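Enquirer: sequence first, predicted model second:
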Amino acid sequence: MNQKTPLDELKGIGEKTKLVFEKAGIRNLGDLLSYYPRTYRRFPEITDTSQVKEGREIAIYAAPERTLTVQYVKRMQIVSAVLCDKAGAIGVRWYNMPYLRNTIKPGGYHVFCGRIVQKGANLFLEQPAIYTPEQYQKLLAELQPVYVLTKGLTNQLVSKTVRQALDGMELSGDYLPEDIRRRYQLADYRNAIEEIHFPQDEQHMKIARRRLVFDEFFLFILALRQFKEQHEQAKNPYTIRRTPLTDTVIRNLGYELTGAQQRVWEDIQRDMTGEKVAARLIQGDVGSGKTILAFLAMILAAENGLQSALMVPTEVLARQHFDSMTELIEAQHLRFCPVLLTGSMTAREKRVACEKIASGEADMIIGTHALIQEKVQYKRMGLVITDEQHRFGVRQRELLGEKGAEPHTLVMSATPIPRTLAVILYGDLEISVIDELPKSRLPIKNCVVNTTYRKKAYHFIEKEIRLGHQAYIICPMVEENEQIEAEDVISYTERLREVMPEDIRIEYLHGKMKPKEKNEVMERFLCGDIQVLVSTTVVEVGVNVPNATVMMIENAERFGLAQLHQLRGRVGRGKAQSYCIMISSTDNEKTRKRLEILNHSNDGFFIASEDLKLRGPGDILGVRQSGLMEFKLADVFADAKILQNACEAADVILKHDSALQAPENAELHNKLENYLSNELKKLNL
Ligand SMILES: Nc1ncnc2c1ncn2[C@@H]1O[C@H](COP(=O)(O)OP(=O)(O)OP(=O)(O)O)[C@@H](O)[C@H]1O
């Protein structure tokens, strides 16, 4: 067995289980081994029955008062008892485990570990696992991997399957040359994989993680260097000239471009009118006004008779940009034709769009991945604008362009990273920074509060709505989940409708809704028909509704700081004073400190660096940063040092063997090829 062996060659993986894994993107053993735990769980310390609280997972050292009783309800056998310890007593229930009656005797002390649930007026310990104190002490030292789960996929199933794969696989070789491993003190691959899935303890897990993070960065940088090399050879196939039209558009915008926007616009024009194919990263904090620069670049292309494409990560965003572009064109009486192309459009709509694109009638094409997925024939494609999720824009450029005619690229990013890191991560791009917000903006007012403040917050939201504004409320979950104690969009909306005045229009939005429903809700929010939008983080990136002035975030402790900053960036985009209310459901000191950073600053760069200081590099898995720069394990902030090491290592290797053709680099070469094809697979090409 090797990394490419299909999963169903393992024992016990039948057709059904295979599909369950496939849904999580796991097809072969390589996919499985790199399905790293999302985090690790520790068993709770032993406490006593005075600490029970609904939803909490606890461990108590207790014994039943009397013999366990067994009741039959429908076809279920319910075993119940009252467990007593020094502090008091709690009811307990197990389902379909009648044999417990013989093993757990009155007065027999054990450690019971499970979750507290409320049934009617009473709290119960439900289905607790039972341990001897010695067994439990051992478990306390262990880290239990927790994976990202999908329907049918359990932690146990993943662990069991990984174990089987590791036991049956030949993983002796290490593609990382030994001198690199030695120089950067990296664990060997086999060991790292073993310890990331089955850590002996925290220290071993951290060593394993460090190696795998190095790998992620190392491959990423090697791929980047390859692209850069290819790219530097490309010549601009079309002549683009500056045009007075863009100056007129800027004059008629209704606001003045900030100094930073003007500077970056100059960079873009210089690129596009230059001799080489240009690739530039435009980095700017949330709400700094990146979109208008993208639009101006598209207008410049169109005026020169070239098509341009703007590719964004979500349908909601694609539609929003399409609408704003159409509005701009109409308001300024331009004669350009924009078209929208997204996956959820009907076959007929897509056909019409594609015809317009192929005939050259469409000047600007705005859409999602559909821009490369659909078989679209572009005509004179001169400019492609993507966001940082599509890091490997060069391949896409090739796909979007015609043979031999590579378009210019702009990559938009709101991730606030220091220049030193940006230079590494975006090594194939020139970098421009919009480091100034429009002057008309008032800084957002923030507060971090606990759940008792909710009622006041609702009153506050109502007041803002009466002033004609709108509000977002963010919940971490889509639906209720008994395992996770966090607010969910669906039941929250129901409750909110009950407590808010009836005339306030409240709707919800989440990623699992059909695209058409999502678009409808978003359009209604955009035009002010919906006043309070209860949403998951689907609104995180790019959504622009300047009339919204309140962002309330439930379970703020569950989000990374960068993500919270992105969410908050959905308000404060117009002239009115805006507010961000972060509700924290924990009194944990560390969480409080993290949220305080946001409370005191609206500056994305500052937040990212403070977050880093607080977490410290190599903090277990950290709180994931916003999903923008996605690595499996690595975090560009917390692992900045490893990133620098990986960059150095890549430079040294390429200096001696730029095409990775030397025999000692053969395995690395294969690994890189695999990496690149996986990156493309992610784009469903
Ligand atoms: N110079 C300016 N003066 C006033 N308003 C501006 C200026 N530039 C852009 N805006 C407005 O600010 C809002 C936010 O701009 P935009 O949507 O481009 O932000 P962004 O940089 O893309 O942010 P995000 O990363 O959050 O998507 C928009 O409503 C836009 O019309």
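Expert: Received it, and whenever you're ready, just let me know what you need.
Enquirer: ok, then the element right after the lowest-mean-pLDDT helix or strand in the chain?
Expert: One helix or strand of the chain scores below all others by mean pLDDT, DSSP states H and E: helix 393-400, with a mean of 56. Scanning the chain past helix 393-400 towards its C-terminal end, the next helix or strand to appear is strand 408-413 (assignment: DSSP states H and E).
Enquirer: for that following strand, output the C-alpha coordinates as CSV.
Expert: Backbone C-alpha positions of strand 408-413 (Å, rounded to 0.1, in the frame of the first residue of the first chain) are rendered in CSV as follows:
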residue,chain,number,x,y,z
HIS,A,408,-2.5,40.6,-16.7
THR,A,409,-3.5,39.6,-13.2
LEU,A,410,-4.6,41.5,-10.1
VAL,A,411,-5.0,39.6,-6.8
MET,A,412,-7.1,41.3,-4.1
SER,A,413,-6.4,40.6,-0.5
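Enquirer: name the helices or strands packed onto it?
Expert: When contacts are defined as 3 or more C-beta pairs under 8 Å, 6 or more residues apart in numbering; DSSP states H and E, strand 408-413 packs onto helix 259-273, strand 279-284, helix 291-303, strand 381-387, helix 393-400. C-beta here means a position set from N, CA and C on the backbone, and glycine is covered the same way.
Enquirer: what angle do the first one and strand 279-284 make?
Expert: Looking back up the chat, that one is helix 259-273. Orientation check (axes from the mean of the first three to the mean of the last three C-alpha atoms, to 10 degrees): helix 259-273 against strand 279-284 gives 170 degrees.
Enquirer: could you shift the numbering so residue one becomes 732, and keep it that way?
Expert: Noted, 732 is the first residue going forward, which turns the last one into helix 990-1004.
Enquirer: now helix 990-1004: buried residues?
Expert: By neighbour count on 16 or more other C-beta atoms under 10 Å, the buried set for helix 990-1004 is Ala991, Gln992, Val995, Trp996, Asp998, Ile999, Gln1000, Asp1002, Met1003, Thr1004.
Enquirer: follow-up on the earlier one: mean pLDDT lowest for which of the helices and strands packed on strand 1139-1144?
Expert: Per-stretch averages of pLDDT across the helices and strands packed on strand 1139-1144 put helix 1124-1131 at the bottom, with a mean of 56.
Enquirer: residues contacting the closest residue to the ligand within the stretch 1232-1381 of the chain?
Expert: Of the residues in the stretch 1232-1381 of the chain, the one nearest the ligand is Gly1273, at a distance of 3.8 Å by C-beta to the nearest ligand atom. Gly1273 makes contacts with Thr1022, Val1043, Thr1045, Leu1048, Gln1051, Asp1118, as judged by C-beta atoms under 8 Å, 6 or more residues apart in numbering.
Enquirer: and which of those residues is nearest Gly1242?
Expert: The shortest gap between Gly1242 and any of the contacts of Gly1273 belongs to Thr1045, at 8.6 Å (C-beta to C-beta).
Enquirer: go ahead and confirm the closest one touches Thr1099.
Expert: Yes. With the criterion set as C-beta atoms under 8 Å, Thr1045 and Thr1099 qualify as a contacting pair; they are 6.9 Å apart.
Enquirer: from what I can see Ala1093 touches Val1070, true?
Expert: Yes. In terms of C-beta under 8 Å, Ala1093 counts as a neighbour of Val1070; the distance is 4.3 Å.
Enquirer: more neighbours, these two?
Expert: Of the pair Ala1093 and Val1070, Ala1093 is the one with more neighbours under other C-beta atoms under 10 Å, namely 26 against 21.
Enquirer: for the ligand, see how far away the more buried one is.
Expert: When C-beta to the nearest ligand atom, to the nearest Å is the yardstick, Ala1093 and the ligand sit 22 Å from each other.
Enquirer: next one, pLDDT for the closest residue to Ala1089 other than its chain neighbours please.
Expert: Once flanking residues are discounted, Ala1089 sits nearest to Gln1108: 4.3 Å by C-beta to C-beta, 6 or more residues apart in numbering. We note a pLDDT of 86 for Gln1108 in this prediction.
Enquirer: quick one, what contacts the residue of the stretch 1082-1231 of the chain found nearest the ligand?
Expert: Among all residues of the stretch 1082-1231 of the chain, Pro1169 sits closest to the ligand, at 3.2 Å; criterion: C-beta to the nearest ligand atom. When contacts are counted by C-beta under 8 Å, 6+ apart, Pro1169 touches Tyr986, Thr989, Gly1020.
Enquirer: which among the residues you listed count as buried?
Expert: Burial of these was assessed by neighbour count (16+ other C-beta under 10 Å); the buried members are Thr989, Gly1020.
Enquirer: if we can go back for a sec, out of the helices and strands packed on strand 1139-1144, nearest to Ile1384?
Expert: The minimum distance between Ile1384 and the helices and strands packed on strand 1139-1144 falls on helix 1124-1131, with 20.8 Å, by C-beta to C-beta.
Enquirer: quick check: residues of the stretch 1282-1416 of the chain near the ligand?
Expert: The stretch 1282-1416 of the chain has residues Gly1300, Arg1304 near the ligand, with proximity defined as C-beta under 6 Å from any ligand atom.
Enquirer: I'd like the buried residues of helix 990-1004 as a markdown table, with distance to Glu1161 appended.
Expert: As requested, those are arranged in a markdown table below (distance: C-beta to C-beta, whole Å):
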| residue | distance to Glu1161 |
| --- | --- |
| Ala991 | 16 |
| Gln992 | 17 |
| Val995 | 11 |
| Trp996 | 14 |
| Asp998 | 7 |
| Ile999 | 10 |
| Gln1000 | 13 |
| Asp1002 | 7 |
| Met1003 | 12 |
| Thr1004 | 14 |
